[in-house]
Structure formats: structure tokens, C-alpha cells
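Novice: Predicted coordinates and the sequence they were generated for:
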Amino acid sequence: MEVQHSMLFGSNSLANLHKISFFFPFSFDFNDKFVKPFGSNSLGACRSKLVKKSDSKVVCYSLTSHATNNGKEISFDLYNEMLCELCEEGELDDAMALLSQMEALGFRPNSISYSCLITSLGNVGRTLESDAIFQEMLISGCRPKIKLFNAMLKNCLKKGLLEFSDKLLVAIGDLGLERNRKTFEILIDYYVSAGRLNDTWLVLAEMKRKGYDPNSYVYSKIIEIYRDNGMWKKAMGVVAEIRAMGMVLDRRIYNSIIDTFAKYGELGVAMEVLEKMQEDHIKPDVKTWNSLIRWHCKCGDTGGAVTLFDKMQEQGIYPDPKIFMTIISRLGEQGKWDVIRKIFENIKGKGHQRSGAIYAVLVDIYGQYGKFQNVEDCMLALKLEGVQLSPSMFCVLANAYAQQGYCEQTVKVLQLMEAEGMEINLIMLNVLINAFATAGRHMEALSIYHHMKESVSSSVAMFLNMLHKKCSPDNCAFLI
């Protein structure tokens with residue numbers, strides 16, 4: 001974290017972090033297996049295109065022009081358009097390579113390109129590189145806008161980088177920028193998710209002083225913070241206040257109300273709110289159904305949970321894999337394997353092939369049948385069914401293995417996640433702690449906890465490799 005702070009506010013440029021190699025003006029190499037043609041809108045003005053060359057193992061792309069542009073160098077504007085388009089496509093390694101080429105030719109991106117690159121890097125958890133590019137942006141004289149600060153703040157809070165987030169807030173003031181509604185909403189969202197009631201009220205008070213009245217999003221968060229702190233009657237008082245103001249209840253507020261009642265065992269009232277929501281012509285989303293299914297399971301009403309699961313599919317809502325494990329584990333505890341099989345058949349019958357594949361994998365892991373005890377086999381089976389391995393999907397699989405105490409498999413899932421270019425976050429490390437604790441390996445669980453305290457993101461790959469090689473708990477503690 002110290003390094004990240006110095007990168008943002010230090011005096012030296014860190015451009016050399018991403019200057020891997022230099023390129024000729026008309027050719028640059030991308031290590032990629034796929035052709036990613038640029039959209040015609042951005043390159044249409046110059047009538048240029050990227051062409052694949054397959055003479056070597058490394059796929060080479062060269063920028064070729066039609067007769068009207070032959071012999072002309074790529075313009076500054078075209079470089080910036082290409083950089084933004086690569087960021088939009090998610091080809092960040094290629095974007096960094098293109099940035100190196102630009103700088104080798106004496107170009108610097110404009111503020112829009114800088115913002116696209118910084119935001120895209122932060123969105124995939126590459127905070128270190130994002131900070132380095134932000135430092136370059138400041139040195140180049142470009143003035144960042146509040147929208148960029150908001151994006152960086154959101155990504156830092158998502159990773160738990162609190163001190164760095166504070167530095168960003170200070171920088172906003174130092175540059176003469178004003179926090180806008182989005183800034184306050186990002187802060188409120190974080191404090192609510194962290195259960196910090198006092199901090200939430202401080203931000204809300206500042207928000208009002210700046211002239212931003214709470215909207216439905218903010219009110220839904222206030223209801224959530226009261227709910228999570230055991231003050232559900234106050235949460236209902238907020239709902240009465242909203243109605244008195246004449247504010248129309250939207251999906252966010254309804255979801256917060258439903259979750260509040262359901263969490264405290266008032267399932268009947270929660271279902272009444274669901275009916276009222278539908279009477280107001282507001283369609284429940286996956287968050288609504290997940291909340292009701294989860295709390296019905298936790299209250300032991302698996303029958304109601306299965307009924308809600310069927311209703312969700314009848315309304316055309318794509319089943320969320322996150323809720324599968326809740327249903328499977330509760331039904332499994334009650335020995336209702338026939339119901340588990342029936343749910344699988346219903347999912348497949350409704351045409352949800354990918355969800356069915358995920359469901360089958362989770363049932364196998366929970367039931368310890370052994371077919372998918374090998375993580376690579378599990379991943380291959382999902383890919384063959386067309387399932388996209390997103391961070392959320394990796395989290396579901398890691399959690400499934402963790403609940404059974406499969407420590408090595410949980411570590412392997414996280415290693416494969418990193419290999420796919422996805423960063424391990426606090427939630428995933430919590431899953432890892434759960435795996436070791438379930439298996440009775442408490443010293444390893446404690447060592448992960450100490451790792452989380454000392455460093456959220458650094459040396460995670462080293463740490464996972466260490467666990468995978470079955471280092472002793474003493475060695476874990478020593479290395480961390």
C-alpha cells in the first residue's frame with residue numbers, strides 16, 4: 001500500500017513499468033490467439049484496419065491503410081481512438097503495448113484515453129498499473145475529472161484499500177474538484193456493506209450539506225444499514241418517511257424492505273411486500289428472488305424456497321448459480337435428494353443448459369461423488385457446456401469446495417482464477433479461510449487471516465502456491 005501511495009503522489013514518472021518493448025511505427029505485436037478487429041466507427045475516418053499475420057507463433061497485427069493513406073504515419077488522434085477501443089474490448093495488455101508504442105514515438109495520450117485506461121485497469125483489479133498511469137496523467141498536465149476519481153475510489157474500496165481511498169478524497173480537494181452525488185453514493189455503499197453505521201450517517205450529513213437530497217438508492221442503503229445493525233423497526237420507519245414524502249418506492253427500496261423482513265424471520269410479511277411490489281407493476285429481479293430463497297432456506301422452509309425458485313424461472317429470470325449451493329446444501333441436510341434431482345430436471349427442461357451444468361457440478365461436489373474432485377475436470381466440463389468462467393463463477397466453485405473442506409481444491413480454483421487474469425479479493429480469501437477451518441486446519445486459516453491484515457493484494461500468487469505445495473503452518477506464518 002505504501003508503494004501505491006508513492007505512485008500516486010510521488011514526483012517521478014513510472015512509465016517504465018509498462019514499457020516492455022519498442023515498436024516500429026507501422027507494426028506492433030500482440031500475444032493473443034484471437035483476431036480482435038477494431039470497430040469501423042473509430043477507424044472509419046482514416047479508412048484503416050488491422051490485419052492478422054500468422055508467419056510465427058506470435059500473432060502479429062500491422063496497421064495497413066488504403067491508397068489514400070499509404071506512406072502516412074498514424075496520427076495522434078488515431079492512436080487515442082485505438083487505445084480507447086482496446087480498453088472497451090477488454091484487451092488491456094494490448095492497450096498497454098500500444099501506449100508504449102505511442103510514448104516511444106513521442107506521443108502522450110489525451111485525457112480521455114488516460115481515463116479509459118485507468119478505469120479499465122482498475123475495473124479488473126490491476127490497481128498498481130492504474131496508479132502508475134494516473135501518475136503519468138498528472139505529470140503530463142492532464143486534469144482528471146471527478147468521474148475518473150469516482151471510478152478509482154470505487155475500485156479501491158472494492159479491494160479494501162482504505163488508506164489509499166482517503167488519499168484520493170484528499171486529492172479531489174487539492175485539485176479544486178467537488179464531490180458529486182456519485183462520490184457520496186460510492187462512500188455510502190461501502191460503509192453500508194461494511195456495517196459502519198456512524199460513518200454512513202457522517203457521509204449522509206455531508207451529502208445533504210452539499211445540496212444533494214437522498215434518492216431511492218440512498219434510502220435503500222439506509223434501510224440496509226439499519227437492518228444489518230439489528231434495527232429493523234427503524235428501517236421500517238425510514239419506509240414510512242419515504243411514503244410521507246410522496247416518493248415512489250422503486251425496485252431497490254422494495255428489495256431492501258423484503259430482505260429486512262425476511263432476515264428477521266417475518267417471511268409472511270416479506271411475501272406480502274413481494275405481492276405489493278408486483279401490484280405496483282415492479283418486476284422482481286434476481287436479487288429479490290435470491291433474498292427470499294436464501295432466507296426461506298435459513299428458516300428451514302425448503303419447500304417454500306423450491307416454490308420460489310420455480311416461480312423465478314417461470315417469470316423468465318435466469319437462475320443465479322450463487323443460490324444453487326444454498327438450496328442444494330439445505331435439501332441435502334434434510335436428505336431430500338429426490339427434490340435436488342427434480343430441480344435439476346426442471347432447469348434442463350426450461351432450456352437453461354448452462355445453469356443445469358453448473359447445478360450438476362455443485363451437486364457432485366456437495367454429494368462428494370468424486371466426478372469433479374479434480375478442479376481441472378470441473379472447469380473443462382463447464383467450458384464444454386459454454387459456461388463463461390467469470391469471477392462470480394469462480395467464487396461459487398471455490399465456496400462449494402470450501403464448504404466440504406476441500407482445501408487443496410479451493411486453492412486450485414483460486415490459482416486458476418488468477419491464471420485467467422482475475423484478481424483474488426477479500427471475499428475469495430474469506431472462502432479460503434472457511435475451507436481450512438472446515439477441514440480443521442486452523443493454523444492455516446489463521447495464517448490467511450494474518451495475510452489479509454498485512455496485505456490485501458500483494459503476493460497473493462506466492463501465497464496460493466505456498467499453500468498448494470502444502471507448506472507447514474509455521475512456514476506459512478514465517479513467510480507471511
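Specialist: On my side now, so go ahead.

Novice: residue boundaries of the helices in the stretch 351-480 of the chain?
Specialist: In the stretch 351-480 of the chain, the helices defined using DSSP state H, counting those that start in this stretch lie at 353-367, 375-384, 391-403, 407-419, 426-438, 442-454, 460-468, 473-479.

Novice: and the angle from the first one to helix 391-403?
Specialist: Compare the direction of helix 353-367 with that of helix 391-403 by axes from the mean of the first three to the mean of the last three CA atoms, to 10 degrees and you get 20 degrees.

Novice: Please compute how far helix 353-367 lies from its chain's middle.
Specialist: Chain-centre distance of helix 353-367: 23 Å, with CA atoms, centre = their mean, to the nearest Å.

Novice: Show me which residues of that helix are buried.
Specialist: For helix 353-367, burial by neighbour count (16 or more other CB atoms under 10 Å) applies to 354-366. C-beta here means a position set from N, CA and C on the backbone, and glycine is covered the same way.

Novice: mind putting the helices of the stretch 351-480 of the chain in TSV, distance to Gln334 and mean pLDDT included?
Specialist: Formatted as TSV, the helices of the stretch 351-480 of the chain follow (distance: least, CB to CB, whole Å; pLDDT from 0 to 100):
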stretch	distance to Gln334	mean pLDDT
helix 353-367	13	76
helix 375-384	26	81
helix 391-403	16	79
helix 407-419	25	81
helix 426-438	20	73
helix 442-454	28	70
helix 460-468	34	46
helix 473-479	36	35
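
Novice: Let me have the ones you listed in a markdown table, extended by distance to Gly211.
Specialist: Putting these into a markdown table (distance: least, CB to CB, whole Å) gives the following:
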| stretch | distance to Gly211 |
| --- | --- |
| helix 353-367 | 46 |
| helix 375-384 | 49 |
| helix 391-403 | 37 |
| helix 407-419 | 43 |
| helix 426-438 | 34 |
| helix 442-454 | 39 |
| helix 460-468 | 42 |
| helix 473-479 | 51 |
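
Novice: and of those, who's closest to Leu153?
Specialist: Nearest to Leu153 among those is helix 426-438 (16.9 Å), distances taken as CB to CB.

Novice: what residues does that closest one touch?
Specialist: 159-160, 394-395, 398-399, 401-407, 410-411, 414, 417, 442, 444-445, 448-449, 451-452, 456, 460, 467 (CB atoms under 8 Å, 6 or more residues apart in numbering).

Novice: by how many degrees do that helix and helix 391-403 diverge?
Specialist: Put simply, helix 426-438 runs at 10 degrees to helix 391-403, going by the same axes, to 10 degrees.

Novice: could I get helix 426-438 in PDB with only the CA atoms?
Specialist: The C-alpha trace of helix 426-438 is given here as PDB (Å, rounded to 0.1, in the frame of the first residue of the first chain):
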ATOM      1  CA  LEU A 426     -11.100 -10.300   0.200                       C
ATOM      2  CA  ILE A 427     -14.200 -12.400  -0.400                       C
ATOM      3  CA  MET A 428     -12.200 -15.200  -2.000                       C
ATOM      4  CA  LEU A 429      -9.600 -15.200   0.900                       C
ATOM      5  CA  ASN A 430     -12.600 -15.500   3.300                       C
ATOM      6  CA  VAL A 431     -13.700 -18.500   1.300                       C
ATOM      7  CA  LEU A 432     -10.200 -19.900   1.700                       C
ATOM      8  CA  ILE A 433     -10.300 -19.400   5.400                       C
ATOM      9  CA  ASN A 434     -13.600 -21.300   5.500                       C
ATOM     10  CA  ALA A 435     -12.100 -24.200   3.600                       C
ATOM     11  CA  PHE A 436      -9.300 -24.700   6.100                       C
ATOM     12  CA  ALA A 437     -11.500 -24.100   9.100                       C
ATOM     13  CA  THR A 438     -14.000 -26.700   7.900                       C
END
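
Novice: That one: which residues count as buried?
Specialist: 428-429, 431-438.

Novice: just stretch 227-245 next, same as before
Specialist: Within stretch 227-245, the residues that count as buried by 16+ other CB under 10 Å are 227-228, 232, 235-236, 238-239, 242.

Novice: Can you tell me which of the helices of the stretch 351-480 of the chain is nearest to Leu202?
Specialist: Nearest to Leu202 among the helices of the stretch 351-480 of the chain is helix 426-438 (23.3 Å), distances taken as CB to CB.

Novice: tell me the angle that closest one makes with helix 407-419.
Specialist: 160 degrees.

Novice: how far does helix 426-438 sit from the chain's center?
Specialist: Using CA atoms, centre = their mean, the offset of helix 426-438 from its chain centre is 18 Å.

Novice: List the neighbours of stretch 183-197 that are in contact with it.
Specialist: Counting by CB under 8 Å, 6+ apart, 146, 149-150, 153-154, 157, 172, 199-200, 203-204, 206-207, 210, 212, 217-218, 221-222, 224-225, 228-229 sit against stretch 183-197.

Novice: roughly how far out does it sit from the chain middle?
Specialist: Stretch 183-197 sits 17 Å away from the centroid of its parent chain (CA atoms, centre = their mean).

Novice: Please apply the same query to stretch 365-377.
Specialist: 26 Å.

Novice: Buried ones in that stretch, by neighbour count?
Specialist: Those would be 365-366, 372-373, 375, for stretch 365-377 by 16+ other CB under 10 Å.

Novice: what does stretch 138-153 give?
Specialist: Neighbour-count burial for stretch 138-153 [16+ other CB under 10 Å]: 138, 142, 144, 146, 148-153.

Novice: Do me a favour and get the end-to-end distance for that stretch?
Specialist: Criterion CA to CA, to the nearest Å; first-to-last residue distance in stretch 138-153 is 17 Å.

Novice: what is the rounded mean pLDDT of the helix or strand harbouring Leu204?
Specialist: Assessed by DSSP states H and E, Leu204 sits inside helix 197-209. On average, the pLDDT along helix 197-209 is 91.

Novice: Following the chain onward from it, which element is next?
Specialist: Sequence order places helix 216-228 as the next helix or strand after helix 197-209, per DSSP H and E.

Novice: what helices or strands is that next one leaning on?
Specialist: Contacts defined by 3 or more CB pairs under 8 Å, 6 or more residues apart in numbering; DSSP states H and E place helix 216-228 against helix 181-193, helix 197-209, helix 232-244, helix 251-263.

Novice: Serialize those to TSV and add fields for distance to Phe164.
Specialist: Formatted as TSV, the helices and strands packed on helix 216-228 follow (distance: least, CB to CB, whole Å):
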stretch	distance to Phe164
helix 181-193	13
helix 197-209	17
helix 232-244	32
helix 251-263	29
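
Novice: now stretch 85-92: how far from the chain's centre is it?
Specialist: Offset of stretch 85-92 from its chain centre (CA atoms, centre = their mean): 17 Å.

Novice: Buried residues, that stretch. List them.
Specialist: Neighbour-count burial for stretch 85-92 flags 85-87, 91-92 (criterion: 16+ other CB under 10 Å).

Novice: now stretch 191-203
Specialist: Across stretch 191-203, burial judged by 16+ other CB under 10 Å covers 191-192, 197, 199-200, 203.

Novice: So which of the residues you listed is the closest to Ser329?
Specialist: Checking these against Ser329 by CB to CB gives Val192 as the nearest, at 27.2 Å.

Novice: quick one, what contacts the residue lying closest to Asn80 once chain neighbours are set aside?
Specialist: In space, and not counting its chain neighbours, Asn80 is closest to Ser113: 4.5 Å by CB to CB, 6 or more residues apart in numbering. Counting by CB under 8 Å, 6+ apart, Ser113 touches 80, 83-84.

Novice: what do you get for Gln409?
Specialist: The contact partners of Gln409, by CB under 8 Å, 6+ apart, come to 373, 375, 401.

Novice: Alright, that wraps it up for me.
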